[in-house]
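Engineer: Just need the structure, nothing else, for what follows:
(one chain, ligands or ions: 1)
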Amino acid sequence: MKYVLTIISLLLAFNFSKAETKLLIHIFSNSQIRDIDFEVFSGKYEVVDTSGKVLGILQKNEVLQIRSFGKLMLLTKNGDTLGIEEKVELRSAGFLNILELTPIRPAIHSRVYDDDMIIEIESNSSLKIINNVQLEHYVAGVIEAEAGIGNNEEFFKVQAVSTRTFALKNMNKHEEEGFHLCDQTHCQVYQGRCSRTDIMIATSKTAGQVMIDSEGELISAVFHSNSGGQTANSEDVWSKALPYLRSKIDSFSIGQRSYSWTQSMKKQEWLDYLNRTYNYPIDDLLEQKKVLSFSQPYRKVWLTNGISLKRIRQDLHLRSTFFNISTEGDIVTFTGRGFGHGVGMSQEGAIKMAKIGYSYDYILKFYYSGIEIIQLDELNIN
Ligand SMILES: [Zn+2]
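Structural biologist: This is a model prediction of the structure:
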């Protein structure tokens, strides 16, 4: 633990240098692995113990097996024991160093990772596996894991700058556990090495670029699926007003896949919900009219006094807060625009912008007001 924390403090203490920045990512973080194979896919690795002693060398296609053994780990290569350790590092020693990891117990599909690994035994006898990975390799891996939307180089560049900014902004999320980020949605989904050249090219064309606000701080690059034609202010959703998360008209989201939706319910259920939740005077016909017919040509925050659209969205599982209400007979219909919280970047809007020829930096500056894109070695992290 001490060793890992030292790495973190070194990373935090110095200004970032584009070529050297590495992250400690806890991989297979939702599994309790007790037995796993590491096969050298490319390059060469040294197996190093905590004192720095090299226990063995792994050449291409050679396999190191690490098995939990009570409070220790047993390391074997071709049936030969390399050591019994609490912690070990697989350190790159060749060119283009890539490992294939195959968990045996539990059995999980193999995944391929760039760069180095730190493996240690945890108090419950499972193995904690940390990928000590170059920032750019990590960024490309995250984009691939989240890909499936917007196959467009300019949009991949948008994602690369956002992913990099998020990673560095959230580097101390898991500091006490001895790594920077986990590989689940809690941080960013990361399933190893990027295998797509289009994503790698987009990542390298924006290498080292991050977004900062007017104070020089890394921004929270929040996003959603579709703004419905207007983004929301951060304080309308999360109470904190941030200068770069301002509501703005976004015509690029109009007509895209998640632009419009409708949802209906019985009029009496809707009125009962309001009465039960807010003690709303549903017997007062004037008050009733306000909640049976409602429109927001521009985004509003409240349905009526004290009833927030955000709460209604949550309770009724609506796709957005940007909806109108109409009533016909005993049916109330919500006719909405957009999908998600509406703050920051609309993914579908950004994809549309990329497709019609806007550049990635223009797209980011459109959705994040007043930001600058800089190289991370110009960034001061204290
Ligand atoms: Zn996490």
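Engineer: got a list of what the closest residue to Glu86 other than its chain neighbours touches?
Structural biologist: The spatially closest residue to Glu86, leaving aside those adjacent along the chain, is Ile121, at 5.5 Å (CB to CB, 6 or more residues apart in numbering). All C-beta atoms are positioned from the backbone trio N, CA, C, and that covers glycine. By CB atoms under 8 Å, 6 or more residues apart in numbering, the contact set of Ile121 is Ser68, Lys71, Leu72, Met73, Glu86, Lys87, Leu127, Lys128.
Engineer: who's Ile121 bridged to?
Structural biologist: Ile121 has these beta-bridge partners by DSSP bridges: Leu127.
Engineer: That one and Val63: what is the separation?
Structural biologist: 20 Å (CB to CB, to the nearest Å).
Engineer: For the stretch 101-250 of the chain, list the residues in contact with the ion, please.
Structural biologist: Cys182, His186, Cys187 (CB under 5 Å from the ion).
Engineer: Quick check: ChimeraX command selecting the buried ones in those.
Structural biologist: A single ChimeraX command is used to select the members of those judged buried by 16 or more other CB atoms under 10 Å:
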select :182,187
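Engineer: how about the helices of this structure, start to end?
Structural biologist: 2-13, 135-146, 153-169, 197-205, 234-238, 267-278, 285-292, 309-316, 347-355, 360-367 (DSSP state H).
Engineer: Kindly reformat the ones you listed as CSV containing distance to Arg105.
Structural biologist: Listed next are these as CSV, based on distance: least, CB to CB, whole Å:
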stretch, distance to Arg105
helix 2-13, 24
helix 135-146, 24
helix 153-169, 31
helix 197-205, 32
helix 234-238, 42
helix 267-278, 49
helix 285-292, 57
helix 309-316, 40
helix 347-355, 38
helix 360-367, 43
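Engineer: mind checking which of these is nearest Leu218?
Structural biologist: helix 153-169 (4.2 Å; CB to CB).
Engineer: which parts of the closest one are buried?
Structural biologist: For helix 153-169, a neighbour-count test (16+ other CB under 10 Å) marks 154-169 as buried.
Engineer: From what I see, Gln32 and Ile129 are in contact.
Structural biologist: No: contact between Gln32 and Ile129 fails when scored by CB atoms under 8 Å: they sit 11.1 Å apart.
Engineer: Could you give the backbone dihedrals for Ala241?
Structural biologist: Here is the backbone geometry of Ala241 (degrees, to the nearest 10): phi -90, psi 120.
Engineer: who's in contact with it?
Structural biologist: Ala241 neighbours (CB under 8 Å, 6+ apart): Asn233, Ser234, Glu235.
Engineer: Arg246 versus the second one, what's the distance?
Structural biologist: It stands for Ser234. 8 Å.
Engineer: The first one now?
Structural biologist: To Arg246, Asn233 is 6 Å away according to CB to CB.
Engineer: Ok, the last one next?
Structural biologist: Relative to Arg246, Glu235 is positioned 10 Å away (criterion: CB to CB).
Engineer: Which one of those two is surrounded by more residues?
Structural biologist: Between Glu235 and Arg246, counting by other CB atoms under 10 Å, Arg246 is the more crowded of the two (18 against 15).
Engineer: For the residue lying closest to that one once chain neighbours are set aside, grab phi and psi.
Structural biologist: Excluding its sequence neighbours, the residue lying closest to Arg246 (CB to CB, 6+ apart) is Ser369, at 4.6 Å. Dihedral pair for Ser369: phi -70, psi 130, per degrees, to the nearest 10.
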